[in-house]
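Novice: show me the folded form of this:
(4 chains)
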Protein chains: 2
Amino acid sequence: MTKDTSLPVPIIIGLNAVIAIVDDGTPKTLCIRDTDDQFSLPYGPFDPIHHRTFEIGLKDWVQRQTQVRLGFIEQLYTFGDQGRAAPRALIEGGTANGRIVSVGYLALADRPAKTKSDNASWRHWYEFFPWEDWRNGSPALIADIILPNLIAWAEHGETETEKLDRKDRIALAFGMQEIGWEEERLLDRYELMYEAGLVEEAWRDRADGGSPSPYADPKVRRLLGKPMASDHRRILATAIGRLRGKLKYRAVVFELMPKEFTLLALQRVVEAIVGFKLHKQNFRRSVEGSKLVERTSKTVQQPSGRPAALFSVYDETGVDRAARGLAIPRLRQSPGRR
Amino acid sequence: MTKDTSLPVPIIIGLNAVIAIVDDGTPKTLCIRDTDDQFSLPYGPFDPIHHRTFEIGLKDWVQRQTQVRLGFIEQLYTFGDQGRAAPRALIEGGTANGRIVSVGYLALADRPAKTKSDNASWRHWYEFFPWEDWRNGSPALIADIILPNLIAWAEHGETETEKLDRKDRIALAFGMQEIGWEEERLLDRYELMYEAGLVEEAWRDRADGGSPSPYADPKVRRLLGKPMASDHRRILATAIGRLRGKLKYRAVVFELMPKEFTLLALQRVVEAIVGFKLHKQNFRRSVEGSKLVERTSKTVQQPSGRPAALFSVYDETGVDRAARGLAIPRLRQSPGRR
DNA sequence: ACCATATATGCTCTACATGAGCATTAATAG
DNA sequence: CTATTAATGCTCATGTAGAGCATATATGGT
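Specialist: Residues are numbered from 1 along each chain as shown, chains lettered A, B, ... in the order given. Below is the predicted model:
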């Protein structure tokens, strides 16, 4: 083995948390409002002295900062790219000459906890990804703005191969192929838009580098979701994409539910996450058949209509490691996959 | 936000690569033989000065060390636990007073490249996880050794709840529930065995800490796979588990195949990875119907029998981002899932 | 009490994917 | 020409997912 003997540059590990809840049909994540009035995810440096593991560190400062107690936690990805803007607080801390590596985490909570500080607030996911919410049909944004701009970007490829490759990626990410829209490709879509210069962060990050990509004008960028500090929007995209995928094979939804719930409430939570509506009767069929929930004897009266039965999670303990997730019975109309 | 102003402890990021190939039905990974004659994964420190991203760093030193050119690469997980043994080379490098965080990567190659150094070699995966190869039926090891020892460990739980919880995890990980054996839960199984003190590393790592778990005797541990340096076996477990899962929804297998191949060869590669045999005709049916491969006009003669048609990947470029993986048509007998 | 309306809940129909295994084809070795 | 071996083709049974009709149980208005 060739031993690398160069002295290491100081490295700082930042922990970033996407803390997700679904509040009455609205999927939200905890955000901090930066000093420049920009949103960022809750984050903090990993302190190797006081914390034996990342998760302990994360839980610790999240609790201190926001009073939110984290239940389910999952590591997402570790971002180590150079050129990624350093969170301001860390720079001010005087350690900006090191390299910052951020480890993203996804955490789920079952209701919006009070937040200690005024600049912390629960924000609607789709403020940052307006093209990801198909619950009221295909967002006009995609056909009207995103696709035309992406295609234009693809046409600016250097070589013929690059152009084709870009078009291919666009088609796949935005569901123009036989497979249709795949909700879990959220990150692919965001990264494509970043590369094409359609989101604000791309513009901001490349201010120094300079690249020949045909940047969309500010008006367009402003329509394509609110920017976030550093690469937090990418981390949020990773989190949502992961959660969307995970729903299908792990019973994580229940981490977002109260003790007792109606099946429609459960459905609304799933819909909020995946971003499109489900077939009600088929959803019920699969949930009831899944052995993941148990019908209680209680019912709740809706504003009108037949009262709904309340359900509870069948086996409290092993839910998140349960072998199967819930079925996602699509409607062919809207996001018609396959 | 409460600002954490304590000075950071030096952190070193180590990059670890699981470089996988399948060589004539044998799944292998590149290993380095340590100075204490122990196996370790290829690893190296991440050098923030010379490398803009982790992946660039990884590719760079893997190529320098082993002459293997990495194609497909995927980040697995970032391990930051204290108490994880530091790779000897890093300690010797004089930086052992810092905290080592390792980022694991999975890389796929299509054939065993020559390795530059003598202490690098391609090792059979299942040397490290002998209970994971079900291709010749359910390994006796599981029923004879693993389960009895795990159950014993479960019985040693402090509280009633803990005992039940452990039994639950065992049942799930080892497929004792209705769902059956899930090949992608390899990491769960390894971690369970680690916790229970059944694998060598658990014994080694806890030498200082000391824990009340009922450690299996050395004879047992020696049967349960070869140990690896640091937590490399955990990283390898993560890699195999991830690859096993990924096969089903991404067309990554083709990264492991030569340009042209027979369907049986493809099947053998899949079988090597998932660790059990597939139904031949059904595998063919799904592969041919997948639009992922293309029949060439060529055939190859086997030692006996009808010659097999050669196939090639349909769309060279977008394979790894293709929307669907291959079907894994199980045989109900052996690892009968569901 | 009766009706319109709004949900919740039950049930059926169809298309298609998946697990199994029989049948046929095309080679080789005697 | 026959036995053997592996590749390839095809059919059958079962289960699941997408659709949508039908029924049940509330509320509010008349």
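
Novice: do stretch A:155-174 and chain B meet at all?
Specialist: Yes - Stretch A:155-174 comes into contact with chain B (Cβ under 8 Å from any Cβ of the partner chain), by way of A:165, A:168-169, A:172. All C-beta spots, glycine's among them, are computed from the backbone N, C-alpha and C.

Novice: give me the subset of those residues that lies in helices.
Specialist: The helices, defined by DSSP state H, take in A:165, A:168-169, A:172 from the residues of stretch A:155-174 next to chain B.

Novice: coming back round to it: I'd like the residues of stretch A:155-174 next to chain B as TSV, with pLDDT appended.
Specialist: What follows is the residues of stretch A:155-174 next to chain B, written out as TSV (pLDDT from 0 to 100):
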residue	pLDDT
A:165	91
A:168	91
A:169	92
A:172	90
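
Novice: what helix or strand is residue A:236 located in?
Specialist: Residue A:236 is part of helix A:232-246, with elements assigned from DSSP states H and E.

Novice: starting at the chain centroid, how far to that helix?
Specialist: 3 Å (Cα atoms, centre = their mean, to the nearest Å).

Novice: what's it packed up against?
Specialist: Secondary-structure packing of helix A:232-246 (3 or more Cβ pairs under 8 Å, 6 or more residues apart in numbering or on different chains; DSSP states H and E): strand A:11-23, strand A:26-33, strand A:72-79, strand A:99-108, helix A:186-195, helix A:263-274.

Novice: just these: most buried one?
Specialist: Each of these was scored by mean neighbour count; the highest is strand A:99-108, a mean of 25, by mean count of other Cβ atoms under 10 Å in any protein chain shown.

Novice: need the next SSE after that strand, C-terminal direction.
Specialist: strand A:120-124.

Novice: pairing partners for that next one, with directions?
Specialist: When pairs are called by DSSP bridges, strand A:120-124 turns out to pair with strand A:26-33 (antiparallel).

Novice: show me where chain A dips below the pLDDT cut-off.
Specialist: Residue ranges of chain A with pLDDT under 70: A:1-9, A:82-98, A:115-116, A:207-214, A:316-323, A:332-338.

Novice: pretty sure residue A:292 is in contact with residue A:326, am I right?
Specialist: Yes - in this structure, residue A:292 is within contact of residue A:326 by Cβ atoms under 8 Å, at 7.3 Å.

Novice: need the overlap of contacts for the two.
Specialist: Common contact partners of residue A:292 and residue A:326 (Cβ atoms under 8 Å, 6 or more residues apart in numbering or on different chains): residue A:251.

Novice: buried subset of the ones in helices among the residues of stretch A:155-174 next to chain B as a ChimeraX selection?
Specialist: Remark: buried members of those, expressed as a ChimeraX selection using 16 or more other Cβ atoms under 10 Å in any protein chain shown:
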select /A:168,169,172
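
Novice: which one among the ones in helices among the residues of stretch A:155-174 next to chain B gets closest to residue A:286?
Specialist: residue A:172 (27.6 Å; Cβ to Cβ).

Novice: would you mind measuring from the closest one to DNA strand D?
Specialist: Distance from residue A:172 to DNA strand D, counting by Cβ to the nearest atom of the strand, to the nearest Å: 19 Å.

Novice: ok, that residue touching residue A:188?
Specialist: Yes - here residue A:172 reaches residue A:188: they are 7.5 Å apart, a contact under Cβ under 8 Å.

Novice: quick one: is stretch A:247-254 near DNA strand C?
Specialist: No - using Cβ under 7 Å from any atom of the strand, stretch A:247-254 never reaches DNA strand C; the gap is at least 13.7 Å.

Novice: please state the offset of that stretch from the chain centre?
Specialist: On Cα atoms, centre = their mean, the centre of stretch A:247-254 falls 15 Å from that of its chain.

Novice: contacts for that stretch?
Specialist: A:72, A:108, A:243, A:246, A:266, A:269-270, A:273-274, A:292, A:313, A:319-322, A:324-328.

Novice: please put the alpha-carbon coordinates of that stretch into CSV.
Specialist: The C-alpha atoms that make up stretch A:247-254 are tabulated as CSV, following Å, rounded to 0.1, in the frame of the first residue of the first chain:
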residue,chain,number,x,y,z
LEU,A,247,-43.0,3.9,2.4
LYS,A,248,-43.2,1.0,0.0
TYR,A,249,-41.1,-1.5,1.9
ARG,A,250,-41.1,-0.3,5.5
ALA,A,251,-44.0,0.7,7.7
VAL,A,252,-42.5,4.1,8.5
VAL,A,253,-45.7,6.1,8.0
PHE,A,254,-46.9,5.2,11.4
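
Novice: mind listing what's buried in it?
Specialist: Under 16+ other Cβ under 10 Å, the buried positions of stretch A:247-254 are A:247, A:249-254.

Novice: and those, which two are furthest apart?
Specialist: Maximum distance among those (Cβ to Cβ): 14.1 Å, for A:249 and A:254.

Novice: which non-adjacent residue is nearest residue A:235?
Specialist: Computed as Cβ to Cβ, 6 or more residues apart in numbering or on different chains, the closest residue to residue A:235 that is not its neighbour in sequence is residue A:104, at 4.1 Å.

Novice: quick check: that neighbour touching residue A:13?
Specialist: No - using Cβ under 8 Å, residue A:104 is not in contact with residue A:13, being 11.4 Å away.

Novice: which SSE is the residue of chain A found nearest DNA strand C in?
Specialist: Nearest to DNA strand C in chain A, going by Cβ to the nearest atom of the strand, is residue A:305, at a distance of 2.3 Å. Of the helices and strands defined by DSSP H and E, none includes residue A:305.

Novice: which of the three states applies to residue A:291?
Specialist: coil (DSSP: H, G, I helix; E, B strand; the rest coil).

Novice: pretty sure it contacts residue A:314?
Specialist: Yes - at 6.1 Å, residue A:291 counts as touching residue A:314 under the criterion of Cβ under 8 Å.

Novice: tell me how far residue A:162 lies from residue A:152.
Specialist: 14 Å (Cβ to Cβ, to the nearest Å).

Novice: whoops, I mixed them up, residue A:179
Specialist: Residue A:179 sits 24 Å away from residue A:152, going by Cβ to Cβ.

Novice: what residues does chain A put near DNA strand D?
Specialist: A:279, A:281-282, A:285-286, A:301, A:303-307, A:327-333, A:336.

Novice: one more pass at 6 Å, please.
Specialist: By the rule Cβ under 6 Å from any atom of the strand, the part of chain A lying against DNA strand D is A:279, A:281-282, A:286, A:301, A:304-307, A:327, A:329-332.

Novice: for the spatially closest residue to residue A:46 that is not a sequence neighbour, give its distance to residue A:189.
Specialist: Distances taken as Cβ to Cβ, 6+ apart place residue A:13 nearest to residue A:46, at 4.0 Å, with adjacent residues excluded. Counting by Cβ to Cβ, the separation of residue A:13 from residue A:189 is 28 Å.

Novice: again, but for residue A:273
Specialist: 16 Å.

Novice: again with residue A:117
Specialist: Distance from residue A:117 to residue A:189, by Cβ to Cβ: 32 Å.

Novice: before we move on, what about residue A:205?
Specialist: 18 Å.

Novice: kindly report the same for residue A:140.
Specialist: With Cβ to Cβ as the criterion, residue A:140 and residue A:189 are 16 Å apart.

Novice: go on, residue A:218?
Specialist: Taken as Cβ to Cβ, the span from residue A:218 to residue A:189 is 21 Å.

Novice: and stretch A:142-159, C-alpha only, in PDB?
Specialist: Only the C-alpha atoms of stretch A:142-159 are listed here, as PDB (Å, rounded to 0.1, in the frame of the first residue of the first chain):
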ATOM      1  CA  ILE A 142     -43.600  21.300 -15.200                       C
ATOM      2  CA  ALA A 143     -45.000  21.600 -18.700                       C
ATOM      3  CA  ASP A 144     -44.900  25.400 -18.800                       C
ATOM      4  CA  ILE A 145     -41.600  26.200 -17.300                       C
ATOM      5  CA  ILE A 146     -39.400  23.300 -16.200                       C
ATOM      6  CA  LEU A 147     -39.400  21.200 -19.200                       C
ATOM      7  CA  PRO A 148     -38.900  24.000 -21.800                       C
ATOM      8  CA  ASN A 149     -36.000  25.300 -19.800                       C
ATOM      9  CA  LEU A 150     -34.500  21.900 -19.300                       C
ATOM     10  CA  ILE A 151     -34.800  21.100 -22.900                       C
ATOM     11  CA  ALA A 152     -33.100  24.300 -23.800                       C
ATOM     12  CA  TRP A 153     -30.300  23.400 -21.400                       C
ATOM     13  CA  ALA A 154     -30.000  20.000 -23.000                       C
ATOM     14  CA  GLU A 155     -29.700  21.600 -26.400                       C
ATOM     15  CA  HIS A 156     -26.700  23.500 -25.100                       C
ATOM     16  CA  GLY A 157     -24.800  20.400 -24.500                       C
ATOM     17  CA  GLU A 158     -21.200  20.400 -25.900                       C
ATOM     18  CA  THR A 159     -21.400  17.200 -27.800                       C
END
